Structure formats: structure tokens, C-alpha cells
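Student: next come a sequence and a model predicted from it.
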Amino acid sequence: MTNDLVNTEKRGNVAIISISNPPVNALGAGVRQGIADAIDKAEQDAETAAIVLSGEGRCFCGGADITEFGHPVVDPSLPEVIAKIEACSKPVVAALHGVSFGGGLELPLGCHFRIADASALVALPEVTLGLIPGAGGTQRLPRLIGVDKALDMILSGSPVGAEEALALGIIDELVDGDLLEAAVVFAAARAADNSPLKRASELEAPPPQVGYFEERREKIKRRARGLIAPGHCITSVENAVTLRFAEGLKKERQLFVECRESEQSAAQRHIFFATRAAAKIPDVPKGVAIPAIRSAAVIGGGTMGVGIAMTFADAGIAVTIVETSDQTLENGLSRIKQTCAGSVKRGRITDTAMTSCLNRVKGTLDVADIKDADIVIEAVFEDMDLKKEIFATLDKVCKPGAILATNTSTMDIDAIAAATARPDKVIGTHFFSPAHIMRLMENVRGAKSSPETIASVMALSKKLGKVGVLVGNADGFVGNRMYHKYTRQAYFLLDEGALPEQVDKVLYDFGFAMGPFAVGDISGLDVAWAVRQRQAATRPADERYSPVADKVCEQGRFGQKTGAGWYRYEDGSRAPIPDPEIEKIIVAVSEELGIQRRDIKDEEIRERCLYALINEGAKILDEGLALRSGDIDVIWINGYGFPIHRGGPMFTADRLGVRKVYDAVSKLYDSHGDVFKPAALLETLAREGRNFRDI
Ligand code: COA
Ligand code: NAD
């Protein structure tokens, strides 16, 4: 025993040092100290000839303890511990199973040998947390596997399986049987035959061709727009080629610390923990029984149904699509084939993976064929009567335990559930378009959704590779309700003097994947128009309303699908071109409303759109529709293209200062009236000097 977090045992002349820090053996201060002490002890022990480093439980190691970032650094640092391992005069063999991520891979890279079993997954995912690998990863990995492959791993953060890790040279041997036993045998053999110790720091990283690093920088520019860490990753890997190891390591640390202290990394770390917190539902007990979901059905093979079916098939779950005619069914199934073929062409999946994915998708016109499905997801037209009719049928046809879910984006889950005799099994699963790509699943609990149904659907989200966030049942749920307030503000800005291209550019520069007008043109303006027409009768007469979007639709401009929307599009092109016709419509609306158009500054656009989001988010929290402010951030990052390095709207509010946001919203309320009525929660937090994350 070394300390509570690191155990040592001897097998013959081999010392096994194992990390024992559940759930993922994160490398907190105690673990680092424990490993350093155990290495010292083994080095000094004359009876020890070799050392094995392993992890207890489900994995070798999930990396640095992320909860330590943002707090004073406690010695020994991870680079110090790794340097000690690498300098050890006795062979040190890392035995890898499960994940070895981040520092959890940098640690083995400092060992002299690495062996793994088939469960091993290795990655340097620091970039996804706004960081660069800061414990030698950018210096040792390129020396071991070459610059190109190392940069692929460091810039993507994606895991590499055991076979590939072997082929790349990250591990020396892949083990079939008992990993620890094999590692002991391997280590003893290295000691017995006096094998030279392989220290990655002593290797040379072969320089790539001239211009290679510039090319990589250029390539990531679009994908990593506004992000600091990816550029720093490239610089640091370049240093592995141009500088001596010790110097490169020193520079790596400086770049790492710069990232660690940045607002961007704080935001990305917030999203890491918020995503995990979102999976926890306070009134759903941890041990609640979750029935296995082995088969699924999707009602409606349109835009969403097809994407949802592909999501199930991708995750290895058999799925049946129910449609109303041979033609619509055929359309849906062939769209799936086309999308899969496209993925093969782009190298995203193999031919074999495509075939097994397609084999999992079936189609039918007979709803009785889905009687055994564990879950059914309805994705037909947004029409309440139709949805009720379908749920009444499903209730009769489907086995008693089946979950009946709806992908509605606006409708009342309780009204749909009432069409069945099993409202406890009814829930909303709101996927985003394109459903097989977008990661968000807004899971909407009805008044009667049971804890088992909620827990099943939250677990299903994870299984499908999605981020599930549980929200309450209200018009627009959480995401679309906030989105409505955000786009409404964008329309008011047009009425007052702005143009779509100006608004879109400001929000794009803020970091959104696209501005609201470009988004509207992609998703189709007619859908929201139909919703506004439905709501017209109940809209309060004194509520400010901009008719500008209606006027655009009245011209038959529904976005890209009609070749024109807020922008015009040339044949075969998706590039939005500002259109003088749109300016005419906008100016006419301003005149009709009696608004004197003025020059609108970019800052005003940014603030009004962002504050509209934050204020509505605060109201949603007040009403209990979202469980935590972090849930709202997770929704906006994964479903609406909010820039991850800004951590979501509520995190942004906390960082700006809730008091400052409240003052700004109050001022907007004075000049714009009710649309900016400050949320009670915003006012309370500002008064009490608290943040959204404190509630
Ligand atoms: N530091 C601190 N806590 C960590 C952690 C880390 N590196 N990695 C995971 N955890 C915590 C999670 O917050 C979660 O805590 P909770 O149960 O209180 O919510 C718990 O460990 C389990 O993690 P989870 O992600 O839910 O489990 P998983 O089995 O799905 O995935 C990992 C495990 C390790 C693959 C995943 O957590 C991960 O990718 N971690 C980060 C790895 C990383 O980026 N390391 C580099 C850090 S610089
Ligand atoms: P869609 O018009 O593309 O597809 C609907 C499909 O349902 C059609 O193929 C139609 O033939 C089929 N259908 C109609 N009645 C049926 C029945 N009785 N049985 C079986 N199939 C039937 O619609 P969509 O865009 O995929 O939207 C579906 C649902 O998802 C709607 O509730 C919508 O609000 C919601 N949604 C849409 C989006 C989006 O961006 N499109 C995003 C999130 C949620």
C-alpha cells in the first residue's frame, strides 16, 4: 500500500503500481504523489527488477483531474511525475485497458513500454476542453508515431482503438488473456534480457515537408473559428520537430497554462461538467429499473424520421419505419441509403459498417408490425389531431411495456399522452435536424411520465451518442422558446434599421455557427410562418410584433428550398447573397410601422440578441422548465450552434456579471417595453450578488 489512491503489490521481482481512484482514476494530487512515491520506492528496492503501471476498475485512467483546474496547482505536477517514470533505471511497463485519455495517455507515453488489451482506447482529448496536452503529449507522441498522425489525434481529440494503437506504434503489444499477468511477464522479460529502455523523449520526430504546419493551420481555421487551443496544439507539435525535447516541453507547459487560464477553457470545462450533470434527475432515483431498448420503431419517414432511424441503426438498434404509402416509404428508405453511401464516400464509415447499419433498418405500411418494439418515436406532421390518432393506435398495437415517444417540436405532451391508456409511458424525445448529426435530445417530461420512462429515455440518449437534457412541457420547451425570443429580437432590429446580413455577421463573429437569418433560410421559413398564423388569434393585442418575416413568406420566399428567403441563392449554390428585394420589404415594413430607420451598431445587435436569450432562460429556470442553468447551456451548445468556447447563454451571463446583465436588460425594458421585462430571477440574483450557477 502506498496511499489510498495508489496501491503497490509485488509479483516475483515485478512491482505493480495501480491507480485506484474511482470512477475513472483521474490524476489528482494524491494520485500523482502516490505514483511518484511508488516509483521512488521501486527504484530503490533491490528486489524489484521491473515495474508495471496499471489502473484498477473500469479503465487505466481518464486523465488529469479536471476539477483541479482553476485552483492553485499542487505539487508534484504531472510532467514531474512522468519525468520521474521516464528516468527510472528499471523497465516501466504501462498496462492499458478501457480508456487512457489525456494525462491518462501522457503517463504511459512516459513509460518505457506499453501493452494493452482489446478494450483499450487511447486519446488526447484536451482540445475539447480548450486545452493542449500539457504533460508531454505534444512532444512524446509525434516522436513516437510521427507528426501527422499525432496531430490528427491531438486536433480531433478522438479515441483510437487497441488495434490501431498497435499499428500506429502507441502500444508495443496487444494482449489476449489476463492483461496484468501478461504485463508482469513482459516487464520481467525486459528486465531479464536487459532490454534497452525506450524513452520517447530520446527519439527524433521526423520533420514533415516544408509548409506542412501552415497547411494544417489553414485547414482547421474554419472548424476551430475563434478557438485558441487548436492553434496552440499545432505550435506545440511543431516545437517537437524544431526544438530539443526539454525546450519543447517547457514551451508546451507555457501554452498549456495559457489555455488553462483562458475564459475559453473555463467555458468548455463548464460544458463538460454540465453535460454530465444534465444526466442526473433529482426525482428519478439512481437505481430505478431501466428496461433494455433493443428494438425501435419510427412513425413517419420524413426529414426527422429518417434521421432518427439512422441514429438507432448507427447505435446498433434495429428500427422499423412506418409510413402511409409505398412511395413515401421508398423515399425515406432511399434517403437513408444515399446518406450512408455519402458517409462511405467521405471515409466516415466502412462499406461493411454501412451494410450492417442498413440491415438494421426495415420499413412497413402496417403498424401491427411494430407490436414488439421497445420504443416508438412518432415523427409525423406537426398536427395535434393526427398525433392523437396515432398515439391511440400505438396504445392498442404496442406491447404494454413499450415507451411511446413524440418528436413534436411544439405540442403539448400531456394532450398527446391523454390519447393513450398509458400516459406514464409517454414522453417527448425532441431531436434536432439533421437528427443523425445533431447531438441534442431535448427529452420532454409529461405530467405523468414515470421515473422509469424518464430514466430509460435519458439512458437511451447516451446509448445513441446524444446528449439528453430533460425539460418541462411548455410551448417550445426550452430551446425553441428561447430561440423564438432571440429571432424576434433580430426581426425588431430589422424594423429599426438593420439588415439580415449585418445581424447575421455580428452573431457569426460572436461565434454562432450561423446567424438567425441564414439558419431560417436553411430550415425553411414556411414552418415558423404556419406556427405564427396559428398563434395569431391568441397573440395579445398589445404585444410588440414584427410582421417582417410574414411579408417575406408572402412573396413565396421560404429559404434555400425556393431559391430565395432572407437572401437569394444562385442555382445549385447554398451561398447566401444579400438581396435588394429584401431591403425593400424591410424598409416598407419600417414605414408601415412608423419607425424611423436608424444606424444600428453591432454592439446593440449582439447585446439585444444575447440578453433576450438570457432573460428568457432566467424565466424558464424560474418556472422550473429546466433543472439547472447548465442544462440550458448544454441545450444551446448542442442544438443551436452557440459557441462552445463561450459556454452557453447562462454561463455567459455569469461571466459578464448577473448585475451587469440585469442593468442592461432593465435599460432595454425602459426603451423597448415588455419584450424586455426583466425576469424575476435575474432581478433576485442581481440583488443578492449571486450567479445562475449558484441556484
Ligand atoms: N477529471 C475529473 N472528473 C472526471 C474526469 C476527469 N478527467 N473524467 C471523468 N470524470 C468524472 C465525470 O465528471 C463523472 O462524474 P459524475 O459521476 O460526478 O458525473 C464521472 O467521472 C464519470 O464520467 P462519465 O463521463 O460520466 O463516464 P464515462 O464512462 O461515460 O466516460 C471518460 C469516462 C473518462 C471517457 C470521460 O469521462 C472523459 O472523456 N473524461 C475526460 C477525459 C479528458 O478529457 N481528460 C483530459 C483532461 S485534461
Ligand atoms: P416531414 O413532413 O418531413 O415528414 C413527416 C412524415 O410523416 C411524412 O413522410 C409523412 O408521409 C409521414 N406521415 C404522415 N402521417 C403518417 C401516418 N399516419 N403514419 C405514418 N407516417 C405518416 O416532417 P418532419 O420535418 O420530419 O417533422 C416531423 C415531426 O418532427 C414534426 O412533429 C416536427 O414538428 C418535428 N420536428 C421537426 C424538425 C425539423 O427541423 N424538420 C425538428 C425537430 C422536430
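Tutor: Right, received. Where do you want to start? Not measured: the values here are computed from a predicted model. Ligands and ions are numbered 1, 2, ... in the order given.

Student: what residue in the stretch 551-695 of the chain comes nearest to ligand 1?
Tutor: Closest to ligand 1 within the stretch 551-695 of the chain is residue 630: 11.8 Å, counting by Cβ to the nearest ligand atom. C-beta here means a position set from N, CA and C on the backbone, and glycine is covered the same way.

Student: these two touch, right, that residue and residue 277?
Tutor: Yes. With contact defined as Cβ atoms under 8 Å, residue 630 reaches residue 277; the gap is 5.6 Å.

Student: is ligand 2 within reach of the helix or strand where residue 304 lies?
Tutor: Here residue 304 sits within helix 303-314, counting by DSSP states H and E. Yes. For helix 303-314 and ligand 2, the contact criterion (Cβ under 6 Å from any ligand atom) is met by 303-305.

Student: let me have those in a markdown table, extended by distance to residue 177.
Tutor: Shown next, in a markdown table, are the residues of helix 303-314 next to ligand 2 (distance: Cβ to Cβ, whole Å):
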| residue | distance to residue 177 |
| --- | --- |
| 303 | 49 |
| 304 | 47 |
| 305 | 46 |
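
Student: looking at the residues you listed, which has the most residues close by?
Tutor: With neighbours set by other Cβ atoms under 10 Å, the maximum within the residues of helix 303-314 next to ligand 2 is found at residue 305, which has 27 neighbours.

Student: what's that residue in contact with, if anything?
Tutor: Contact partners of residue 305, counting by Cβ atoms under 8 Å, 6 or more residues apart in numbering, are 298-299, 321, 332, 377, 379-380, 407.

Student: neighbours of the closest residue to residue 98 other than its chain neighbours, just the number please.
Tutor: On the basis of Cβ to Cβ, 6 or more residues apart in numbering, the spatially nearest residue to residue 98 that is not a chain neighbour turns out to be residue 59, at 3.0 Å. Neighbour count for residue 59, taken as other Cβ under 10 Å: 22.

Student: what about residue 59, distance to residue 233?
Tutor: Computed as Cβ to Cβ, to the nearest Å, the residue 59 to residue 233 distance reads 24 Å.

Student: residue 96 too?
Tutor: Here the criterion is Cβ to Cβ. By it, residue 96 lies 23 Å from residue 233.

Student: so what's whichever residue of the stretch 451-600 of the chain sits closest to ligand 1 up against?
Tutor: Closest approach between the stretch 451-600 of the chain and ligand 1, counting by Cβ to the nearest ligand atom: residue 462, at 7.4 Å. For residue 462, the contact set (Cβ under 8 Å, 6+ apart) comprises 279, 468.

Student: buried ones in the host helix or strand of it, by neighbour count?
Tutor: Following DSSP H and E, one finds residue 462 within helix 451-463. Burial within helix 451-463, assessed by neighbour count using 16 or more other Cβ atoms under 10 Å, is assigned to 451-461.

Student: do stretch 238-246 as well
Tutor: Of the residues in stretch 238-246, those scored as buried under the neighbour-count criterion (16+ other Cβ under 10 Å) are 238-241, 243, 245.

Student: the helix or strand of the chain with the lowest mean pLDDT and ligand 2 in contact?
Tutor: Per-element confidence for the chain was summarised using mean pLDDT, DSSP states H and E. The lowest value among helices and strands belongs to helix 525-535, with a mean of 90. No. Counting by Cβ under 6 Å from any ligand atom, ligand 2 is not contacted by helix 525-535; separation bottoms out at 7.0 Å.

Student: from the contact counts, what lies against that helix?
Tutor: Helices and strands touching helix 525-535, by 3 or more Cβ pairs under 8 Å, 6 or more residues apart in numbering; DSSP states H and E, are helix 548-554.

Student: what does the helix it packs on rub up against?
Tutor: With Cβ under 8 Å, 6+ apart as the test, helix 548-554 has contacts from 491, 494-495, 520, 525-526, 528-529, 532, 565-566, 582, 585-586, 588-589.

Student: the following helix or strand past it - contacts with which helices or strands?
Tutor: Past helix 548-554, heading to the C-terminal end, the next element that is a helix or strand (DSSP H and E) is helix 580-593. Based on contacts counted as 3+ Cβ pairs under 8 Å, 6+ apart, the elements that helix 580-593 packs against are helix 479-496, helix 548-554.

Student: ranking those helices by burial, who's on top?
Tutor: Comparing the helices and strands packed on helix 580-593 by mean neighbour count (mean count of other Cβ atoms under 10 Å), helix 479-496 ranks first with a mean of 22.

Student: quick one: average pLDDT of it?
Tutor: Model confidence over helix 479-496, given as mean pLDDT, is 97.

Student: next one: stretch 186-204
Tutor: If you average the pLDDT over stretch 186-204, you get 96.

Student: could I get that stretch in CSV with only the CA atoms?
Tutor: These are the backbone C-alpha positions of stretch 186-204, laid out as CSV (Å, rounded to 0.1, in the frame of the first residue of the first chain):
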residue,chain,number,x,y,z
PHE,A,186,6.5,-8.7,-20.3
ALA,A,187,8.2,-6.5,-17.6
ALA,A,188,10.1,-9.4,-16.1
ALA,A,189,11.4,-10.4,-19.6
ARG,A,190,12.6,-6.8,-20.3
ALA,A,191,14.5,-6.8,-17.0
ALA,A,192,15.9,-10.3,-17.6
ASP,A,193,17.2,-9.7,-21.1
ASN,A,194,18.4,-6.2,-20.2
SER,A,195,16.3,-4.7,-23.0
PRO,A,196,17.3,-1.1,-23.7
LEU,A,197,14.7,1.2,-22.2
LYS,A,198,12.7,3.0,-24.9
ARG,A,199,12.3,6.7,-23.8
ALA,A,200,10.1,8.6,-26.2
SER,A,201,11.9,11.9,-25.3
GLU,A,202,15.1,10.5,-26.8
LEU,A,203,13.6,9.8,-30.2
GLU,A,204,13.6,12.3,-33.1
